[in-house]
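In: Quick one, fold the following:
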Amino acid sequence: MRHVFGGAMAKELKGKFFFIFAATFLFILFLTIRIPRTDTAIPKPLLAPKTCPMSVSDKTITPLEDTQHLLVSAYMDQRVEGFDLRIIGIFKRNAIHPLSCQFCCDTRSSDTTPATITEHSDNFGFPYATTDVMCQLPKKCSATHVRLLTRGDERESSDRIWLPIRNQKGNEEKKMQFDFTVCISNLFAKYNNVLQFAQTLEMYRLLGVGRVVIYNTSCGPELERLLEGYTQEGFVEMVSWPIDKHLVPSTGWLFSQSGGDVHYFGQLATLNECIYRSMERSRYVLLNDIDEIIMPYKYDSLQPMMEMLQQQNQQVGVFLIENHIFPKSPFEDRKNAPLPVWRGVPGFNILQHVFREEVNRNDPHPYKMIVNPRYVEQTSVHTVLRMFGQVYKVPWDVCHIIHSPINVPKPKPLEQLHVDTRLWDFKDKMLPSVKKALERVGLLRS
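Out: Presented below is the predicted three-dimensional model:
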């Protein structure tokens, strides 16, 4: 009796569970059909078609179409009233004609605005000169790229190349990445003085430099390996500078003596480009050649020296540093010299250069510079052409340049030289670092 009753109850319960399950399934199916799914029913927003840029230059030298001019780079620069943007270029001086600027504003091309073209005053007689093209932004334009158009081609032209705009507005408050940047312009003719280069780079690191920017047209294979190692660690920034692919560069500084299209492989353009490249990331920029070291003599590094100089000269943005030549000396006669043996490494040892020539202050170009880049508008090699602050000549006993050239045109007799072993104060730290750098790229034989 109990068995029959239990079986009936089990069947009844199974029927109820089946009914509940079926009703629930039908209810969910009904909701699914009637209520649209939110993840597929809402259409994706339509994006505005991107009309610019179609072609963006990734080169450091870009020919300007239908002209004989070259463009280098574009930077936001609102320090000059009435202008927002500066394009650094190398223009043929006798072929400058009106140009217009066109901006890419939020993916749409703007109306053109007239460009103001300013040739730098230092050209040393060469046909091509460093040139600034200044533009004003249209209203309500957040520009990312710019291009120059010749008159008669002010309509939108899809084949015109855009330049990316650097130093975008809004980065003013960004903390400076470096206290000091060295700008080296420029390497050419397969330059391969590896040992001097390594020693100079390590010397600058000891003095507090955070970045060395080098404009490279050509260098030797060993030096290329060395610089690649420094680039990988972030101390050196190599900028390709194929000026010889566009112009006939001069190896000298004066057209009447050396000929060519442009001064010293475009040195003036690279110095200006480096200042604007460093504008938002470096407190100070050192403008000098690779065979020159701007050396503080009353401080162990550049930082405390510049703090003192800036505190005493608060309106100064350009500090002139006197150049002193240290010719190669008859060093083999000094038996106690602190010299390592760098077998198989191309170049010479700057620690041999301990005899200093007296400065000829009648020379019109005895200075190089430490500048606050935000105070500089245009620069030449030995002086700033346009600036917003004042200039100060640093006393030579506070700081001067140790200039160790490969050759000296008119070497002076030993009795007219002064012994200056300032570099030796850093040798115990510098030499191990040089050895490590050379070993890292396989340039130092064991």
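
In: any idea where the strands of the stretch 151-300 of the chain begin and end?
Out: Applying DSSP state E, counting those that start in this stretch to the stretch 151-300 of the chain gives strands spanning 163-166, 178-187, 211-216, 236-240, 282-287, 292-296.

In: Could you identify the helix or strand that succeeds the helix or strand of the chain with the lowest mean pLDDT?
Out: Ranking every helix and strand in the chain by mean pLDDT, DSSP states H and E puts helix 38-41 at the bottom, with a mean of 33. Using DSSP states H and E, the next helix or strand after helix 38-41 towards the C-terminus is strand 62-63.

In: strand partners of that next one, parallel vs antiparallel please.
Out: Within its sheet, strand 62-63 is paired with strand 70-76 (antiparallel), according to DSSP bridges.

In: Now tell me what touches the partner strand from outside.
Out: Strand 70-76 is contacted by residues 57, 60-64, 84-91, 128, 146, 148, 163-169, 246-247, 269, 273, 276-277, 279 when judged by CB atoms under 8 Å, 6 or more residues apart in numbering. Where you see a C-beta, it was placed from the backbone N, CA and C, and this is true even at glycine.

In: Only the C-alpha atoms, please, for it, written as CSV.
Out: Only the C-alpha atoms of strand 70-76 are listed here, as CSV (Å, rounded to 0.1, in the frame of the first residue of the first chain):
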residue,chain,number,x,y,z
LEU,A,70,64.3,72.4,-47.6
LEU,A,71,62.1,72.0,-44.5
VAL,A,72,63.6,70.6,-41.2
SER,A,73,60.9,70.7,-38.5
ALA,A,74,57.9,72.5,-37.1
TYR,A,75,57.4,73.7,-33.6
MET,A,76,54.7,75.5,-31.7
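
In: Could you tell me the angle between that strand and strand 236-240?
Out: Between the axes of strand 70-76 and strand 236-240, defined by axes from the mean of the first three to the mean of the last three CA atoms, to 10 degrees, the angle is 130 degrees.

In: ok, the residue nearest the centre of the chain - contacts?
Out: For the chain, Arg277 is the residue whose C-alpha lies nearest the centre (CA atoms, centre = their mean; 4.4 Å). Taking CB under 8 Å, 6+ apart as the criterion, Arg277 is in contact with 73, 166, 213.

In: Just the buried residues of the contacts of strand 70-76.
Out: For the contacts of strand 70-76, a neighbour count by 16 or more other CB atoms under 10 Å gives the buried set as 57, 60-62, 64, 84-91, 128, 146, 148, 163, 165, 167, 246-247, 269, 273, 276-277, 279.

In: Could you list everything Ile325 pairs with in the sheet?
Out: His403.

In: So it sits against Asn407, correct?
Out: No: counting by CB atoms under 8 Å, Ile325 stays clear of Asn407, with 10.9 Å between them.

In: ok, those two, which is more surrounded?
Out: The neighbour count for Ile325 versus Asn407, taken as other CB atoms under 10 Å, is higher for Ile325 (23 against 7).

In: how near is the more buried one to Leu201?
Out: Using CB to CB, to the nearest Å, Ile325 is found at 21 Å from Leu201.

In: What of Ser185?
Out: Counting by CB to CB, the gap from Ser185 to Leu201 is 16 Å.

In: Would you mind telling me which of the two has more residues around it?
Out: More crowded of Ser185 and Leu201, by other CB under 10 Å: Ser185, with 28 against 25.

In: And for the more buried one, nearest residue in space, chain neighbours not counted?
Out: Thr270 (3.7 Å; CB to CB, 6 or more residues apart in numbering).

In: which residues touch that neighbour?
Out: Applying CB under 8 Å, 6+ apart, we find Thr270 in contact with 183, 185-186, 215, 239, 241.

In: quick revisit: out of the buried ones among the contacts of strand 70-76, which sit inside helices?
Out: Residues of the buried ones among the contacts of strand 70-76 located in helices (DSSP state H): 269, 273, 276-277.

In: of those residues, closest to Gln102?
Out: Nearest to Gln102 among those, counting by CB to CB, is Tyr276 at 20.9 Å.

In: Isn't the closest one up against Ile87?
Out: No: counting by CB under 8 Å, Ile87 is not a contact partner of Tyr276; they are 10.3 Å apart.

In: list the contacts for Ser250?
Out: 126, 258-265.

In: His382 now?
Out: Going by CB under 8 Å, 6+ apart, His382 touches 364-369.

In: Repeat that for Ala437.
Out: Residues near Ala437 by CB under 8 Å, 6+ apart: 198, 201-202, 226, 229-230.

In: Determine which two of those residues are furthest apart.
Out: Greatest spatial distance among the contacts of Ala437 (CB to CB): Glu202 and Gly229, at 12.1 Å.

In: Looking at the two, which is more packed in?
Out: Taking other CB under 10 Å, Glu202 and Gly229 do not tie; Glu202 has more neighbours (22 against 19).
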